[in-house]
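1. have a look at this prediction, sequence included:
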There are 2 protein chains.
Amino acid sequence: MKTPPPPTGDELVLMLATLANPHRLRVVAALTGGRTYVSQLARDLGISRALLQVHLKKLETAGLVSAQLEISPDGKAMKFYEVTPFAVQLTPDSIAAAMPTLTAADPAQGRDGEGSDR
Amino acid sequence: MKTPPPPTGDELVLMLATLANPHRLRVVAALTGGRTYVSQLARDLGISRALLQVHLKKLETAGLVSAQLEISPDGKAMKFYEVTPFAVQLTPDSIAAAMPTLTAADPAQGRDGEGSDR
DNA sequence: AGCACCTGCTAATGTTTTTTTGCATGTGCT
DNA sequence: AGCACATGCAAAAAAACATTAGCAGGTGCT
């Protein structure tokens, strides 16, 4: 088996920012136990559907979960979610390695504001 | 060598929330190349000292970096920072494993608000 | 004394998240 | 028709975070 391709700096921040939330971590954990549909997941986690949907959308945007809309035998439209099998190693070095691909406002450009600070 | 102890749910969120910021990631990356003092680091990264200090404080609170105040031979007080050699594997399973120790507002307690949603 | 560096803190401001509320739509069953 | 479930979206309120600006204090050198 080979190591999964390391994320770019931007992907890394997005991933970290997405996982840096209790609700979203719980969602990932819950889905690790198997796929489910929105309403059911909301009941399992004890949060409102509206809130859960927002979190699911962010997780999906970060590519941490994926969804597929299915029609249950009794005609109900249900959206099932499942986790994406991601794997990222977080260490000072892995972070340093991702920095060159971080495009977030890089101050090391024209801006300069030191000197008369005191 | 053995695997470092997995973080608790709370430590995990704190760590993720702390790293989920471009500036802080750059700080970690910069320190990976060796320790430095605040003002120098601010110049290297091209950001204000005030801003850097705030970020350093958060990184330190999360235990990702540590500092030691030193007096340079010419009498200047300088605060050196260095990275903590952390290592966390981020996968659906590692996250699920940390959930039982996540104390952030756990809806699955007394609260109950389903039923008349529509 | 005045300048160059170093550190630290806070109040105020701007921005971005997070959560709630409310409304719309659709199917099946009684 | 009315109830139970499912989905989706968006505006508005609340809370958390990021950044700036300004002030304080200290050492050494010219």
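-> Received it, and whenever you're ready, just let me know what you need.

2. next to DNA strand D, which bits of chain A? Give me the list.
-> A:37-40, A:49-50, A:53, A:57, A:69, A:76-79, A:105, A:113, A:117-118 (CB under 7 Å from any atom of the strand). All C-beta spots, glycine's among them, are computed from the backbone N, C-alpha and C.

3. need the contact partners of the longest helix along chain A.
-> Longest helix of chain A, by residue count under DSSP state H: helix A:49-61. The contact list for helix A:49-61, computed with CB atoms under 8 Å, 6 or more residues apart in numbering or on different chains, reads A:14, A:18, A:21, A:23-24, A:27-28, A:38-39, A:41-42, A:45, A:65-67, A:81, B:117.

4. which residues in chain A form strands?
-> Counting by DSSP state E, one finds strands in chain A at the ranges A:36-37, A:65-71, A:77-83, A:88-90.

5. mind listing what's buried in stretch A:94-103?
-> Neighbour-count burial for stretch A:94-103, counted by 16 or more other CB atoms under 10 Å in any protein chain shown, picks out A:Ser94, A:Ile95, A:Ala96, A:Ala97, A:Ala98, A:Met99, A:Leu102.

6. ok, and does it reach over to DNA strand C?
-> No - for stretch A:94-103, no contact with DNA strand C is found by CB under 7 Å from any atom of the strand; the gap never falls below 14.8 Å.

7. likewise for stretch A:23-40?
-> Yes - Stretch A:23-40 is in contact with DNA strand C by CB under 7 Å from any atom of the strand, via A:His23.

8. gap between the two ends of that stretch?
-> Using CA to CA, to the nearest Å, the end-to-end distance of stretch A:23-40 comes to 15 Å.

9. ok, and what's touching that stretch?
-> A:18-19, A:41, A:44-45, A:47, A:49, A:51-53, A:55-56, A:58-59, A:64-65, A:70, A:78-83, B:9, B:12-13, B:92-93, B:95-96, B:98-99, B:102.

10. among those residues, name the buried ones.
-> Counted by 16+ other CB under 10 Å, those give A:18-19, A:41, A:44-45, A:47, A:52, A:55-56, A:58-59, A:64-65, A:80-81, A:83, B:9, B:12-13, B:92, B:95-96, B:98-99, B:102 as buried.

11. list phi and psi for A:Pro7.
-> Torsion angles at A:Pro7 (phi, psi; degrees, to the nearest 10) stand at phi -70, psi 160.

12. just the helices in chain A please.
-> A:9-19, A:22-32, A:38-45, A:49-61, A:92-98.

13. from chain A, which residue is nearest to DNA strand C?
-> Of all residues in chain A, the one sitting closest to DNA strand C is A:Gly75 (2.7 Å; CB to the nearest atom of the strand).

14. ok so, going back, any idea of the mean pLDDT in the longest helix of chain A?
-> For helix A:49-61, mean pLDDT is 97.

15. that one close to DNA strand C?
-> Yes - judged by CB under 7 Å from any atom of the strand, helix A:49-61 comes into contact with DNA strand C at A:Ala50, A:Leu51, A:Val54, A:His55, A:Lys58.

16. so which of these is the closest to A:Pro4?
-> A:Lys58 (21.3 Å; CB to CB).

17. before we move on, back to that, if any of the residues of chain A next to DNA strand D are buried, give me the PyMOL selection for them.
-> Buried residues within these, by 16+ other CB under 10 Å, are selected in PyMOL with:
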select buried, chain A and resi 37+38
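
18. where in chain A is pLDDT low?
-> The model of chain A has pLDDT under 70 over residues A:106-118.
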